[in-house]
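K.L.:
Dropping the sequence and predicted coords here.
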Amino acid sequence: MTKEYIDNNRQKFIDELIDLLKIPSVSADSKFKGNVRQAAEYVQQSLLTAGADRAEICETEGHPIVYGEKIVDPQLPTILVYGHYDVQPADPYELWDSPPFEPVIKDEKIYARGACDDKGQMFMHIKAFEAMKATDALACNVKFMIEGEEEVGSDNLEVFIRENKEKLAADIILISDTAIIANDTPSITVGLRGLSYMEVEVTGPNRDLHSGVYGGAVANPINILCEMITSLMNKDGHITIPGFYDKVAELSGPEREAMNAAPFNLDEYKQELDIKEVKGEKGYTTLERVGIRPTLDVNGIWGGYTGEGAKTVLPSKAYAKISMRLVPNQDSGEITELFTQHFQSIAPDYVKVKATPHHGGEPAVTPTDSVAYAAASAAFEESWGKTPIPTRDGGSIPIVSLFKEVLGLDSVLMGFGLDSDAIHSPNEHYGLFNYMKGIETIAMFHKHFAKLNSST
Ligand code: BES
Ligand code: MN
Ligand code: MN
């Protein structure tokens, strides 16, 4: 039985994930280029060992994509698994309790960069495949497309899917790169936000000045940048960029009610983050603010002197990185344009401003009335004993909307992480319970997806 194979191989599955987590496959930092490839090769080897007919490294202009497949019978439905083996930079290293690429298990959780996002979650699919193959239980054909550039925008994956439509033909895309509500409250993600990401540069005087000699007479670009940023949102938490909300889809009353019926404890939420109060757009709950409303946040801001001690300087330049999370039916290209125009228009004569876009992506919603959703729901019911709740997550996986546009395929976002797993942060971790239960649930998805397809 598949479940027995999974249980009997628990230690092996954990050890193999730990070996993958030891490879620092940071896609954003060219210093790790060789390690990124090493992680791709590890994934390729794992697919072959697990029983794939073939697994190959597909070169791109950036980091490689691993493609593998097992075709059991062309008559059976085909699941295309997407995941990513690249990880976010581990900085700041000094805030980790143990080194990010030396995985340790503490309190039944694996601590390492990528443990949850997405190595741990992606690897569950390879282990579920291995278990089904070993126990002769493969009910669907399966294709794997595991990329190494998700954390830097998936530009080359977009090229890859446009060029390989036939090879990637499938019935559904299955992704584990999102979160559940809690370990006793399973959920399926049915919405993701989009992203528009800008870098701005504000220039005042043509050189750094003595802050005593010139201070008070010449505008300080850091002060000006702060004023400009502050003006982007009013006291009700509304973004002031003209046209920003024009295309935002408003949910109906019943839809909002359903969303707010999901278990959520605001006191625990605040306690976990050690904050006295939450803050967000007036008129919306925390779940709505994260799930169905767009936002604007400064991700980083710098300029002037930040070294040791005090240097008296009125800097020439100030910078910030600003992200906007988008919801249906906003368009990241349009929002980038609106931001750029507005930011230029509010610049006072004391400064010059430049705004440059970074990678972005579109929001996505996935259907809940599909065979695939029913199969995912049945898989959770069978392995968790509870019907999963549909939720909208605040994060972004830009390729999901392109899967629909380019391949015509819907995705099932069957993630098993927790919001508290500290993805992108120091001490990222992934629960062993989630890892093992996820493997089991994925195998059940294959079974139910085949069954439901043959009965429709
Ligand atoms: N897996 C995350 C996205 C995510 C996390 C979705 C939690 C839902 C719940 C993904 O790896 C990620 O971090 N995406 C980036 C966007 C990308 C363009 C860098 C993000 O959301 O910031
Ligand atoms: Mn991810
Ligand atoms: Mn991520």
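P.N.:
In hand now; what should we look at? Ligands and ions are numbered 1, 2, ... in the order given.

K.L.:
The stretch 201-350 of the chain: strands as residue ranges?
P.N.:
295-303, 317-326 (DSSP state E, counting those that start in this stretch).

K.L.:
now swap in the stretch 1-150 of the chain and tell me
P.N.:
Going by DSSP E, counting those that start in this stretch, the stretch 1-150 of the chain shows strands at 54-58, 65-70, 78-84, 104-106, 109-111, 141-147.

K.L.:
Out of these, which is closest to ligand 1?
P.N.:
strand 78-84 (6.5 Å; CB to the nearest ligand atom). (Glycine included, C-beta is placed from N, CA and C.)

K.L.:
ok and that closest one relative to strand 65-70, angle-wise?
P.N.:
Per axes from the mean of the first three to the mean of the last three CA atoms, to 10 degrees, the angle that strand 78-84 makes with strand 65-70 is 150 degrees.

K.L.:
How many residues are close by the closest residue to ligand 1 within the stretch 1-150 of the chain?
P.N.:
Closest approach of the stretch 1-150 of the chain to ligand 1 (CB to the nearest ligand atom) occurs at residue 117, with a separation of 4.8 Å. As a burial measure, residue 117 scores 27 neighbours (other CB atoms under 10 Å).

K.L.:
wait, doesn't it sit right on residue 88?
P.N.:
Yes. Residue 117 is within contact range of residue 88, at 7.2 Å (criterion: CB atoms under 8 Å).

K.L.:
which residues does residue 301 contact?
P.N.:
When contacts are counted by CB atoms under 8 Å, 6 or more residues apart in numbering, residue 301 touches 225, 229, 318-321.

K.L.:
One more pass at 6 Å, please.
P.N.:
Residue 301 makes contact with residue 320 under the criterion CB atoms under 6 Å, 6 or more residues apart in numbering.

K.L.:
go on, residue 127?
P.N.:
Residue 127 neighbours (CB under 6 Å, 6+ apart): 13, 439.

K.L.:
rerun at 8 Å
P.N.:
Per CB under 8 Å, 6+ apart, neighbours of residue 127: 6, 9, 13, 16, 50, 439.

K.L.:
Walk me through the domains of this structure.
P.N.:
Per automatic domain parsing, the domain ranges recorded for the chain read 2-192+363-454, 194-234+294-359.

K.L.:
Deepest-packed of those domains, please.
P.N.:
By mean neighbour count, with neighbours taken as mean count of other CB atoms under 10 Å, domain 2-192+363-454 ranks first of those at a mean of 20.

K.L.:
Quick one: the helices in the stretch 201-350 of the chain, in order.
P.N.:
221-230, 253-260, 266-273, 286-291, 332-345 (DSSP state H, counting those that start in this stretch).

K.L.:
My read is that residue 276 contacts residue 267, right?
P.N.:
No. Counting by CB under 8 Å, residue 276 sits too far from residue 267 to count as a contact (11.1 Å).

K.L.:
Find the nearest non-adjacent residue to residue 270, please.
P.N.:
residue 278 (6.4 Å; CB to CB, 6 or more residues apart in numbering).

K.L.:
Pull the contacting residues for that neighbour.
P.N.:
Here residue 278 is in contact with 266, 269-270, 286 (criterion: CB under 8 Å, 6+ apart).

K.L.:
Weed out the non-buried ones from those.
P.N.:
Buried by 16 or more other CB atoms under 10 Å: nothing, out of the contacts of residue 278.

K.L.:
Now for these: which two are most distant?
P.N.:
Spanning the widest gap among the contacts of residue 278 are 270 and 286, at 9.5 Å by CB to CB.

K.L.:
Distance to ligand 1 and mean pLDDT for the strands of the stretch 1-150 of the chain - can I get that in TSV?
P.N.:
TSV is the format used below for the strands of the stretch 1-150 of the chain (distance: least, CB to the nearest ligand atom, whole Å; pLDDT from 0 to 100):
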stretch	distance to ligand 1	mean pLDDT
strand 54-58	20	98
strand 65-70	16	98
strand 78-84	7	98
strand 104-106	22	98
strand 109-111	17	98
strand 141-147	11	98
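
K.L.:
While we're on the nearest residue to residue 22 once chain neighbours are set aside, how confident is the model there?
P.N.:
Residue nearest to residue 22 in three dimensions, not counting chain neighbours: residue 101, with 5.7 Å by CB to CB, 6+ apart. Per-residue pLDDT puts residue 101 at 98.

K.L.:
Residue 101 contacts residue 26, correct?
P.N.:
No. Under the criterion of CB under 8 Å, residue 101 makes no contact with residue 26, lying 9.3 Å away.

K.L.:
And for the lowest-mean-pLDDT helix or strand in the chain, what's in contact with it?
P.N.:
Lowest by mean pLDDT, DSSP states H and E among the helices and strands of the chain is helix 253-260, with a mean of 94. The contact list for helix 253-260 (CB under 8 Å, 6+ apart) reads 251, 285, 287-288, 291-292, 392.

K.L.:
What residues of that helix count as buried?
P.N.:
For helix 253-260, burial by neighbour count (16+ other CB under 10 Å) applies to 256, 259.

K.L.:
Give the intersection of the neighbour lists for residue 101 and residue 26.
P.N.:
Contact criterion CB under 8 Å, 6+ apart; residues shared by residue 101 and residue 26: 90, 113.

K.L.:
who touches residue 89 in this structure?
P.N.:
Contacts of residue 89 (CB under 8 Å, 6+ apart): 26, 28-29.

K.L.:
TSV for those residues, including pLDDT?
P.N.:
Output for those, formatted as TSV (pLDDT from 0 to 100):
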residue	pLDDT
26	98
28	96
29	97
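
K.L.:
quick one: pLDDT of the residue of the stretch 151-300 of the chain found nearest ligand 2?
P.N.:
Nearest residue of the stretch 151-300 of the chain to ligand 2: residue 177, at 4.1 Å (CB to the ion). Note on residue 177: pLDDT of 98.
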